[in-house]
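Chemist: what would the 3D arrangement of this be:
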Amino acid sequence: MLSKNLLLFVAVVSIIVTIIFSFIGNFNYHKTAHTYQTIKQQGIIILAYSTKTRCNKGRGLSATRLYRYVVNQKQYFIDTVPEDPSLDICDKQSLGDSITIYYLPSNPNIKLSKTQLQQGVSSQISYYFLSIIFSIVFLAYWIGTKYSSYKECKKTV
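Modeler: Numbering: from 1, shown residues only. Model (predicted):
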């Protein structure tokens with residue numbers, strides 16, 4: 001049976017890891033919310049044209065297109081879905097379609113597509129939920145490695 005000290009140690013580590021991941025989630029939420037707000041207030045509108053499809057068939061990832069836009073003779077890219085929902089993303093014949101991009105004039109690499117801007121920022125609760133999920137995964141891995149090491153030590157004794 002596990003000792004009380006070990007259980008207390010695991011509980012303390014769990015709390016610390018959850019707090020750390022919660023702070024990271026909170027920071028990411030506020031950073032993302034600030035980016036959305038800044039782009040809404042100061043964003044410049046430009047059209048971007050698709051140059052490549054990313055079908056990701058069989059990889060478990062969503063299909064997207066790579067769009068290119070030019071600001072001050074410099075190329076920038078965004079990987080997102082087309083604005084036209086009827087467009088087959090994987091159809092290379094339809095390359096060249098356009099989407100609306102909002103970018104910051106001070107840094108054109110900070111951008112959002114019209115669809116992303118309309119979707120808005122995920123709720124703060126979702127960031128905390130993800131931080132708890134990351135904590136659980138981290139702790140399960142950590143406990144698993146410690147437990148297997150503990151079992152190995154018991155075998156050698």
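
Chemist: where does the protein have low pLDDT?
Modeler: 1-3, 57-60, 146-157 (pLDDT under 70).

Chemist: just the helices in it please.
Modeler: Ranges of helices in the chain, per DSSP state H, are 4-42, 114-119, 124-156.

Chemist: okay, those helices in CSV with distance to residue 78 and mean neighbour count next?
Modeler: Where C-beta positions appear, they are placed from N, C-alpha and C, glycine not excepted. Output for the helices of the chain, formatted as CSV (distance: least, C-beta to C-beta, whole Å; neighbours: other C-beta atoms under 10 Å):
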stretch, distance to residue 78, mean neighbour count
helix 4-42, 12, 14
helix 114-119, 9, 14
helix 124-156, 22, 13
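
Chemist: and residue 62, backbone torsions?
Modeler: The phi and psi values for residue 62, taken as degrees, to the nearest 10, are phi -70, psi 140.

Chemist: ok, and the closest non-adjacent residue to it?
Modeler: Spatial nearest neighbour of residue 62, excluding adjacent residues (C-beta to C-beta, 6 or more residues apart in numbering): residue 56 at 7.0 Å.

Chemist: how many residues are close by the one you found?
Modeler: Under the neighbour criterion other C-beta atoms under 10 Å, residue 56 is assigned a count of 13.

Chemist: what distance do you get for it to residue 95?
Modeler: 16 Å (C-beta to C-beta, to the nearest Å).

Chemist: follow-up on the earlier one: who's in contact with the residue nearest to residue 62?
Modeler: Residues near residue 56 by C-beta atoms under 8 Å, 6 or more residues apart in numbering: 62, 63, 64.

Chemist: quick one: the nearest residue to the second one once chain neighbours are set aside and residue 65, what's the gap?
Modeler: Which is residue 63. Leaving aside its sequence neighbours, residue 63 sits nearest to residue 89 (C-beta to C-beta, 6+ apart; 4.3 Å). In this structure, residue 89 and residue 65 are 6 Å apart, going by C-beta to C-beta.

Chemist: which one of the two has more residues nearby?
Modeler: A direct count of neighbours by other C-beta under 10 Å for residue 89 and residue 65 places residue 65 higher, at 24 against 18.

Chemist: quick one, what contacts that one?
Modeler: Residues in contact with residue 65, defined by C-beta under 8 Å, 6+ apart, are 50, 52, 53, 54, 79, 80, 81, 82, 89, 95, 97.
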